[in-house]
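Colleague: please find the sequence and the predicted model below.
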Amino acid sequence: MQTTRIAVFPPEIIRTQARLFAGLKQLFGVSFVPGDSPDSVPCDAAIVYGTSRSDALGRATAGQRCLAFVDAPLKRASVGNVTFADSPALPASFRAMDLPDASLEIACGLTPEPGDEVIARKGEDVLWIRRTGSGGTLDLVGIQPPALSSPEYLFSKFQADSWFSLLPLLHFVREVAGWSIPAGRACFMFDDPNLRWKTYGYVRYDDVAADAKLHNYHVSFATIPLDAWYVHAPTARLFKENADRLSLLVHGNNHTRMELLDTSKSQRQNGLAAQALRRSERLERVSGVSVSRVMAAPHGACSPEMARALVQTGFEAACISRGSLMSRSPQYPWPISVGLTTAEFVGGLPIIPRIGMLACSQTDVRLRLFLGQPLVAMGHHDDLREGLVAMRRVANMVNVGPATTWTNITEIARSNYWTRREKSVLHVRMYSRHIQLQVPHGVTEIAIERPWLAGGLEPMSAWLDGSAMPVADDRSGARLLLDRQGQYLTLSSIHTEALNPHDVPTVPTHLRALIRRQLCEVRDRLRPEFDRWFAPRMVSSR
C-alpha cells in the first residue's frame, strides 16, 4: 500500500510533538515529514500550526489539501456546547449534533467569509471552517492545537469531557489516508444471567425482548459456562424466537475472582479456555441457542498469557473496557494510540471495548461511532431495578444519529475491519481474527493487514461466496487474487499453535468454585425480593 505523506509546518513541530504524531502514525499508517524539507515535496497534504488565513489559503489554492490551526489572539470561549453543521464534510456521527466539551475554555474564533462552510461553533465562536475551491480543500481551526506529553496516550485528548481539540486532526488524517471505518453497530451486554429460568434478578427476558423490538436495540447476555448444566426450555425457546434481539456470549468459565488474570502454567490457561468452550457447546446443544465465541472477562481482567490461550483454543475476541484492560496489565507495552482503535490486541486476541451503560452519554456514543468502535453498553441485572428506562435512554441516543445496526457480539466482531481502495486493490486492515465483508465491484486483489502480527506469519483461510480461495502470505503481508467476481468474502487468521478444545485436558472444578457460584446466583435472584421488603424499611429508618 502506498504510504500517505503529510507535511507539517513549521518543521520543528514534528520534534516538539513527536508523541502526538507517532500516535497518529500508529492509527492511520501515514508518514509525517517536516515541512520546507526536501522530503516534504511532494506530499499528499499539509498540517500547519500558527498560520494566518491568507497563508493557509495560499497552500490550498496551490492544490495541497490542508489543515491549519489559525494564529490569532485567544479569548475566553463562549458559553455553550459545540454545535456541528449537518454537513457531508463531517463524519456522520457528528452531523447536526450538539455536544459539551468542558475543556474548551479558550478560542481565537474565526470570521467566516463568502464561500466558507462553518463546520462547528461554540456559542458565537466559530471553531472550524471548511473552504473548498478549484485548487484544493482547506480546514481552518480556531482553537489551540492538541499537545501530547509523555507518558500521555492519545485517548486522554479524546474523552467525553475533553475531545474537540483532537477531532479535526483525527478526521483530517483519516480522510487524507483514505480509510473507511465500520458503519455504526451497537449492543447491550449484561454479565452473569443464564437460561435456567425466565428471569435473572431484575432481568425479565420476555419484557426485554418485547421492549427491544419496540425501541430498537439488541441485548447480549454474558453467561457463565459453569451454569450450562441446566436449561429452562421455555426460556431457551424465547431466545430462539427472538434471536434478532437476544443473544449469548461467554463470561469466564467458573467465574471465580479475577479468573482470567491467571498467569500460571499455560496448561491451566488452555484448560480453562477449552473448558469454557466445551461447556458453551453443551449449552448450544441443549438449548438450541448460539453462544458467541467472544469472552466477556469477569471483573474486566485478562492477562496477556490468558488472552493467548483464548486465541489458541478458538475464541474470536474478548470484550473489556479500555480502563479495565490497562489497569489490570500495567506493565504491558500499550501503544500510544491505545483506546482509539476499533479493537486492541493482547496476546493476539482482539479486545472489543465496552462502556458502563449507566455512565454512557451522547458524547460517548458519538466518539465511539466516529472511531469505528461498536457501542457496547454493559450492565448488571440490578441496573434495571427501575425498569428498562436505562436501556431506552442509551438506545434513543444511538438511534437519533446515523443508521446504526443493533446486533449480537459475533456480528460485531466479524465486522471489525477498515478498508482502503487503490484502483482495483482493496486494502483490508483486520481488527478481528475472523471477518466478513462485501467485495466492491471491480476489485481484483485483496491486500490484508493484521496489526497483531508485527511482521510475523499466521496461516489464513479465505472463502468467496462459500468457495475456498488461496492466500499468498509472507512477511510483507497477505494477498488474495480474485480470479472471479464475488460478493461475500470471509477471512480467518489461524493461530500457529491452535488447539482443538476437545483435546485439551479438563481442569478440575474445585468445590469452592461451585459453592461460590451458587451463592452468587441465589443472591442475584433474590435481590428484587430483598429490595422490595427491606430497602423501603432501611430508607425510612434513616
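Modeller: Perfect, thanks for sending it.
Colleague: and stretch 373-387, how far out from the chain middle?
Modeller: 17 Å (C-alpha atoms, centre = their mean, to the nearest Å).
Colleague: and it, how far apart are its ends?
Modeller: Distance between the two ends of stretch 373-387: 28 Å, counting by C-alpha to C-alpha, to the nearest Å.
Colleague: pull out the buried positions in that stretch.
Modeller: Buried positions in stretch 373-387, judged by neighbour count with 16 or more other C-beta atoms under 10 Å: Gln373, Pro374, Leu375, Val376, Ala377, Met378, Gly379, His380, His381, Asp383, Leu384. Placement of C-beta: from N, CA and C, glycine included.
Colleague: from those residues, pick the one nearest Ala395.
Modeller: Ala377 (9.0 Å; C-beta to C-beta).
Colleague: isn't there a strand covering Val294?
Modeller: Yes: residue state for Val294 (DSSP: H, G, I helix; E, B strand; the rest coil) corresponds to a strand.
Colleague: before we move on, the earlier item: which ones among the buried residues of stretch 373-387 map onto strands?
Modeller: The strands, defined by DSSP state E, take in Leu375, Val376, Ala377, Met378, Gly379 from those.
Colleague: the last one against Leu358, yeah?
Modeller: What it means is Gly379. Yes: the pair Gly379 / Leu358 is scored as a contact, 6.8 Å apart, by C-beta atoms under 8 Å.
Colleague: shared neighbours of those two, which are they?
Modeller: By the contact definition C-beta atoms under 8 Å, 6 or more residues apart in numbering, Gly379 and Leu358 are jointly contacted by Ala390.
Colleague: hang on, the earlier thing: just send the ones in strands among the buried residues of stretch 373-387 back as a markdown table, with distance to Trp406 and pLDDT too.
Modeller: Formatted as a markdown table, these follow (distance: C-beta to C-beta, whole Å; pLDDT from 0 to 100):
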| residue | distance to Trp406 | pLDDT |
| --- | --- | --- |
| Leu375 | 9 | 97 |
| Val376 | 11 | 98 |
| Ala377 | 11 | 98 |
| Met378 | 15 | 97 |
| Gly379 | 16 | 97 |
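Colleague: wait, what's in contact with the residue nearest the centre of the chain?
Modeller: For the chain, Gln373 is the residue whose C-alpha lies nearest the centre (C-alpha atoms, centre = their mean; 2.7 Å). Going by C-beta under 8 Å, 6+ apart, Gln373 touches Thr341, Thr342, Ala343, Ile352, Pro353.
Colleague: now Gln436
Modeller: Arg414, Ser415, Tyr488, Leu489, Thr490, Leu491.
Colleague: could you pull up phi and psi at it?
Modeller: Per-residue torsions, Gln436: phi -130, psi 130 (degrees, to the nearest 10).
Colleague: dig out what it forms beta bridges with.
Modeller: Beta-bridge pairing for Gln436 (DSSP bridges): Thr490.
Colleague: can you show me the CA trace of stretch 159-174 as PDB?
Modeller: C-alpha atoms of stretch 159-174 as PDB (Å, rounded to 0.1, in the frame of the first residue of the first chain):
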ATOM      1  CA  GLN A 159     -12.800  11.500  26.100                       C
ATOM      2  CA  ALA A 160     -16.300  12.700  26.900                       C
ATOM      3  CA  ASP A 161     -15.100  15.700  28.800                       C
ATOM      4  CA  SER A 162     -12.200  16.700  26.500                       C
ATOM      5  CA  TRP A 163     -12.400  15.800  22.800                       C
ATOM      6  CA  PHE A 164     -12.800  18.600  20.400                       C
ATOM      7  CA  SER A 165      -9.200  19.700  20.200                       C
ATOM      8  CA  LEU A 166      -8.200  16.400  18.700                       C
ATOM      9  CA  LEU A 167     -11.200  15.800  16.500                       C
ATOM     10  CA  PRO A 168     -10.300  18.000  13.400                       C
ATOM     11  CA  LEU A 169      -6.800  16.400  13.400                       C
ATOM     12  CA  LEU A 170      -8.100  12.800  13.600                       C
ATOM     13  CA  HIS A 171     -10.700  13.500  11.000                       C
ATOM     14  CA  PHE A 172      -8.300  15.200   8.600                       C
ATOM     15  CA  VAL A 173      -5.600  12.500   8.800                       C
ATOM     16  CA  ARG A 174      -8.100   9.600   8.400                       C
END
